[in-house]
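S.K.: make a model of this:
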Amino acid sequence: MFDNIDKTNISELGEFGLIDHLTQAVELTESSTVKGIGDDAAVLDFANKKTLISTDLLLEGIHFDLRYVPLKHLGYKAVQVNLSDIYAMNGMASQITFSIGLSSKFPLEAVEEIYEGALIACKKFNVDLIGGDTSASAQGLVISVTSIGYAEESEIAYRSGAKEGDLICVSGDLGGAYVGLQLLEREKQIYLENPNIQPDLEGKDYIIERQLKPEARKDVVQLLDALHVKPHAMIDVSDGLASEILHICKASNVGCKLYEDKIPIDPMTYETAREFGLDPTVCALSGGEDYELLFTVPQSDYDKIKGQLDISVIGYVTEAAAGCGMISKSGHVHEIKAQGWNAFNK
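M.R.: This is a model prediction of the structure:
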């Protein structure tokens, strides 16, 4: 990956020299950041708001494959998938810590690319990088991100807030990240068999980007606020629509009915899934990594959201005894089962 450039061995800098080098470009912009990098701990001040905190761990070979994931994209994605958890609480993200463990195969230039991607995400989502750690790793690349945010207590949306009769809504479209992953995996296998064959990804930019550079939906949280819509329950779609709606139903002690023909699937996702012999609906239900927001709202808010092109009403909340089902395009009811991605099945 870095064979054609001059490489700098990280041991030349040492741990603290590496931290100083990587963080020299960090700028603080959030008013809630009192003290960032440079002391034993960061200092934050959220006044009277509730603090939201979430942590994600990304492991080489489990969560990403460096044979087709560019390092800058990896740094970007590592940040935004973590910010997504804050937005899934109907909150605003304001700070992150970014920690990395790496083996001796990574030169300084590789680590710079990862951090560059992370800082691009910080700038886009207006969050401060306020700390982290670096360490040697004997097991490949490890990235750990902790995101911090805030919300008014009355505005926080838990998974447990769904009410019978609520409308079930989702932002954006689903299944694209999973189908993009299938395409990348296919091209990887072709390359491994014959390194002289160039990847054939032409015309598939959207689903490739859905996998390599997904976007957390801060804009949806802002939109709902502008529409004066307070979700009763909310979660981000990281493990597939089926898994996420079951999380909400279990936490809220309710059931649900989804309509297959209402699930938003991009035409490129649909067509490429068919090329792979996959059911596009199954990709949306079980694929994961879309990082859209799934939420419920009272029926009285329907008029506020019905004209929003980026929000789809895909079903409604029922009593728990009715179970969790999806009404297919042919009118049959199928039980919803969680078959999403599981890191421990790798």
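S.K.: in contact with residue 216, which residues?
M.R.: 80-81, 83-84, 87, 125, 236, 291 (CB atoms under 8 Å, 6 or more residues apart in numbering). C-beta here means a position set from N, CA and C on the backbone, and glycine is covered the same way.
S.K.: so is it in a helix, a strand, or just coil?
M.R.: Assigned with DSSP: H, G, I helix; E, B strand; the rest coil, residue 216 falls in the coil class.
S.K.: what's the closest non-adjacent residue to it?
M.R.: Spatial nearest neighbour of residue 216, excluding adjacent residues (CB to CB, 6 or more residues apart in numbering): residue 84 at 4.0 Å.
S.K.: how about the contacts made by the one you found?
M.R.: Contacts of residue 84 (CB under 8 Å, 6+ apart): 216-217, 236, 238, 291.
S.K.: try 6 Å this time
M.R.: Listed by CB atoms under 6 Å, 6 or more residues apart in numbering, the contact set of residue 84 reads 216, 236, 291.
S.K.: re earlier: a markdown table for the contacts of residue 216, including secondary structure, distance to residue 142 and pLDDT?
M.R.: Shown next, in a markdown table, are those (DSSP: H, G, I helix; E, B strand; the rest coil; distance: CB to CB, whole Å; pLDDT from 0 to 100):
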| residue | secondary structure | distance to residue 142 | pLDDT |
| --- | --- | --- | --- |
| 80 | helix | 18 | 95 |
| 81 | helix | 15 | 94 |
| 83 | helix | 19 | 97 |
| 84 | helix | 20 | 97 |
| 87 | helix | 25 | 98 |
| 125 | helix | 23 | 97 |
| 236 | strand | 22 | 97 |
| 291 | coil | 21 | 97 |
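S.K.: three-state assignment of the nearest residue to residue 159 once chain neighbours are set aside?
M.R.: Residue nearest to residue 159 in three dimensions, not counting chain neighbours: residue 251, with 4.0 Å by CB to CB, 6+ apart. Secondary structure assignment for residue 251 (three-state DSSP): helix.
S.K.: any idea of the pLDDT on residue 251?
M.R.: Looking at residue 251, its pLDDT is 97.
S.K.: so it makes contact with residue 162?
M.R.: No - using CB atoms under 6 Å, residue 251 is not in contact with residue 162; the gap is 7.9 Å.
S.K.: ok, the two, which is more surrounded?
M.R.: Using other CB atoms under 10 Å, the more surrounded residue of residue 251 and residue 162 is residue 162, with 28 against 15.
S.K.: tell me the contacts of the more buried one?
M.R.: Neighbours of residue 162 in contact, by CB under 6 Å, 6+ apart: 232-233, 248, 252, 254, 296, 317.
S.K.: recalculate using a threshold of 8 Å.
M.R.: Listed by CB under 8 Å, 6+ apart, the contact partners of residue 162 are 232-233, 248-249, 251-252, 254, 296, 317.
S.K.: dihedrals phi and psi, it?
M.R.: Backbone torsions of residue 162, given as degrees, to the nearest 10, read phi -70, psi 140.
S.K.: same check, this time on residue 304
M.R.: phi -80, psi -30.
S.K.: which parts of the stretch 201-346 of the chain are strands?
M.R.: With DSSP state E, counting those that start in this stretch, the ranges of strands along the stretch 201-346 of the chain come out as 233-236, 254-259, 293-297, 311-319, 324-327, 333-335.
S.K.: deepest-packed of those, please.
M.R.: Among the strands of the stretch 201-346 of the chain, strand 293-297 has the highest mean neighbour count (mean count of other CB atoms under 10 Å), at a mean of 28.
S.K.: that strand vs strand 311-319, what angle?
M.R.: Interaxial angle, strand 293-297 versus strand 311-319 (axes from the mean of the first three to the mean of the last three CA atoms, to 10 degrees): 60 degrees.
S.K.: so how far is strand 293-297 off the chain centroid?
M.R.: Its chain's C-alpha centre and that of strand 293-297 lie 16 Å apart, by CA atoms, centre = their mean, to the nearest Å.
S.K.: picking that back up, quick one: which of the contacts of residue 84 is nearest residue 185?
M.R.: Proximity of the contacts of residue 84 to residue 185 (CB to CB) peaks at residue 291, which lies at 19.5 Å.
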